[in-house]
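> Pasting the sequence and the predicted coordinates here, then a few questions.
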Amino acid sequence: MFWERTENVFITECFSSGVKNSMLVTWSTANKTESVVEYGLWGGKLFSHTAEGDASVFIDGGPENRTMYVHRVTLTDLTPAASYVYHCGSDAGWSDIFYFTSLNESVSFSPRFALFGDMGNENPQSLSRLQKETQMGMYDVILHIGDFAYDMHEDNGRIGDEFMRQIQSIAAYTPYMTCPGNHEWAYNFSHYRSRFSMPGHTENLWYSWNIGPAHIISFSTEVYFYLEYGLDLLFRQYDWLQADLQEANRPENRAQRPWIITMGHRPMYCSNDDGDDCTHFQSYVRLGRNDTKPVAPGLEDLFYQYVHCIVGYSMPCVGILADVWFCLVQGCREKHDGFIPKPRDWSAFRSTDYGYTRMRLINGTHLYLEQVSDDQYGKVIDQMMLVKEKHGAHAWR
C-alpha cells in the first residue's frame, strides 16, 4: 500500500457538456489510482455522495518524459446555488477538503467574475488578493485568459505542476475557465490541452457556455500564429465560431441570453509599443492571413455581427469601437510593455499597473466592470457601466 499525493485540484462549470446542474472536478497524481470525489451539502452529512470518473495519461514532451495521471469526475444533479463540501482522490490518498457553490442556472442570475491573463508562478502579483477574495465568496467564476505559469512545460513540466498547486487555492473553490495563450505553445499546446478540462470536445482550445444573461465564448487566437501545428485548426475554429454565433443569435436564444461575450488571449486592438499583432493595421486575428492557402479569415467581421464584449490579455486598457474591448494583465516574470505616446481615439483608459478586472452581469441591459490595481494595494483605478438597450447586429443600424 502506498500513499499517493493528490494535487492540482480545480473545478469547471460543465453545463454546455449537456449535463445540467453539474460540476467537473479535475486533479492529478504521479501514479495511476482510482478517480473518486466524495461530497455533500454544506451543513449536511459530510461526504454523503460519491462520484467516480477516470484518468488519462499525460506524458510531458521534455527529455525526462515525465508521466502524470489527470483525473476527471463529474458531479451531477447538484442543487442550483447550493454550497457543497468535497475532497477527491482515492484510498491511496485524498486531497484537502474544499468547497464550492453550484451555479445558479437562471437567466436572471447576476454572475460575478474575476478576469485576468498572464499569471506566472514567478511574480504572480495579484494571486494572494485573488485567493482571499475567492474564498470570501466574491466571485462566481474565474476567467484566466491565456498564459499560465511561464511556462508549464519548463523543467520537464515541474513549473506547470507548481503553478497548478498555486492556483488550487482559487480554482478548487470557484469554476476556473480558461483559453490558450502563446506561452502554452510547447509540444503543440499539450500541457494546456491535457491539464485543463473545459466544456465541449475540442481539447479546451475553443468552447462556449451559458451563465445568467450571457453566452460566453472562449477561442484560441494562437491558431493564427502556430501554423506548424496545422492550418486546419484555424478553419475548424472559424467554422465552429460561425455556427456557435448563429445559434446564440437565434431570436429565442438571444431573448434569453442577450449578452454575447468572447475571450481570447491576443487582442485585436491595443496601443502598446511592443510590435505585437494588435499594434499592426493588418492584424492576423482581426483581418486574417493572406499568406496561407486558402486565405485565412479574420474575426473582426464575424464578431461585429454578434458580439458585445471581447476580453484579451495585453496591457490593462478599455477601448470602445462599435463593440467593447477590454485588455488586461495580472503579473508574471516578464516586465510591463509600454504604450505609444498618443493613445488612439478609441482608447478610453490606460494603466501599466499589474492587476485584474472584476465584471458583473447585472441584467440583460447592464454590465459593470472595474479595474483593480495590485500595485496600488487593491485600489479600483477605473470603472464603467455598459448599458445596452438593444442587442444583435440590428442594434448598430
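Yep, that arrived.

> Please name the residues that touch Met198.
By C-beta atoms under 8 Å, 6 or more residues apart in numbering, the contact list for Met198 reads 12, 177-178, 204, 207, 218. Yep, even glycine has a C-beta here, placed from its N, CA and C like the rest.

> what about it, is that helix, strand or coil?
Three-state call for Met198 (DSSP: H, G, I helix; E, B strand; the rest coil): coil.

> gap between Tyr354 and Tyr69?
Tyr354 sits 35 Å away from Tyr69, going by C-beta to C-beta, to the nearest Å.

> More neighbours: which of those two?
The neighbour comparison of Tyr354 against Tyr69 (other C-beta atoms under 10 Å) goes to Tyr354, with 23 against 18.

> returning to that earlier point: ok, the contacts of Met198 vs Tyr84, which is closest?
Nearest to Tyr84 out of the contacts of Met198 is Thr12 (C-beta to C-beta; 14.6 Å).

> show me what contacts that closest one?
Neighbours of Thr12 in contact, by C-beta under 8 Å, 6+ apart: 23-24, 26, 175-177, 196-199.

> Pull the most distant pair out of those.
Met23 and Phe196, at 14.7 Å, using C-beta to C-beta across the contacts of Thr12.

> Which one of the contacts of Thr12 is nearest to Ser169?
Tyr176 (11.1 Å).

> does the closest one really touch Ile11, like I thought?
Yes - contact criterion C-beta atoms under 8 Å: Tyr176 and Ile11 qualify, at 6.8 Å.

> Helix or strand with the lowest mean pLDDT in the protein?
Every helix and strand in the chain was compared by mean pLDDT, DSSP states H and E; the lowest is strand 317-321, with a mean of 31.

> show me where the stretch 201-350 of the chain has helices.
Using DSSP state H, counting those that start in this stretch, the helices of the stretch 201-350 of the chain run over residues 232-248, 251-256, 284-287, 300-306.

> okay if I get those helices as CSV plus mean pLDDT and mean neighbour count?
Putting the helices of the stretch 201-350 of the chain into CSV (pLDDT from 0 to 100; neighbours: other C-beta atoms under 10 Å) gives the following:
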stretch, mean pLDDT, mean neighbour count
helix 232-248, 96, 16
helix 251-256, 95, 12
helix 284-287, 94, 21
helix 300-306, 81, 16
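
> Let me have the ones you listed in CSV, extended by distance to Glu7.
Output for the helices of the stretch 201-350 of the chain, formatted as CSV (distance: least, C-beta to C-beta, whole Å):
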stretch, distance to Glu7
helix 232-248, 31
helix 251-256, 39
helix 284-287, 35
helix 300-306, 38
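
> right, and these - which one's nearest Ser347?
When the helices of the stretch 201-350 of the chain are compared by C-beta to C-beta, helix 284-287 sits nearest Ser347, at 15.7 Å.

> now the closest one, how far from the centre of its chain.
Computed by C-alpha atoms, centre = their mean, to the nearest Å, the separation of helix 284-287 from the middle of its chain amounts to 21 Å.

> Contacts for that helix next, please.
221, 224-225, 264, 266-269, 277-278, 296, 298-300.

> Most widely separated two among the residues you listed?
Tyr269 and Ala296 (19.1 Å).

> So what sits opposite Val387 in the bridge?
His366 (DSSP bridges).

> Wait, it touches Asn363, no?
No - using C-beta under 8 Å as the test, Val387 is too far from Asn363 to be in contact (10.4 Å).

> Looking at the two, which is more packed in?
For Val387 versus Asn363, the count of surrounding residues by other C-beta under 10 Å is larger for Asn363: 15 against 10.

> What residues does the closest residue to that one other than its chain neighbours make contact with?
Leaving aside its sequence neighbours, Asn363 sits nearest to Pro213 (C-beta to C-beta, 6 or more residues apart in numbering; 6.2 Å). Counting by C-beta under 8 Å, 6+ apart, Pro213 touches 107-109, 256-259, 361, 363-364.

> cool, and Gly160?
148-149, 151-154, 191, 195.

> Report the mean per-residue pLDDT for the helix or strand it falls within.
Using DSSP states H and E, Gly160 sits in helix 158-171. Mean pLDDT, computed over helix 158-171, is 96.
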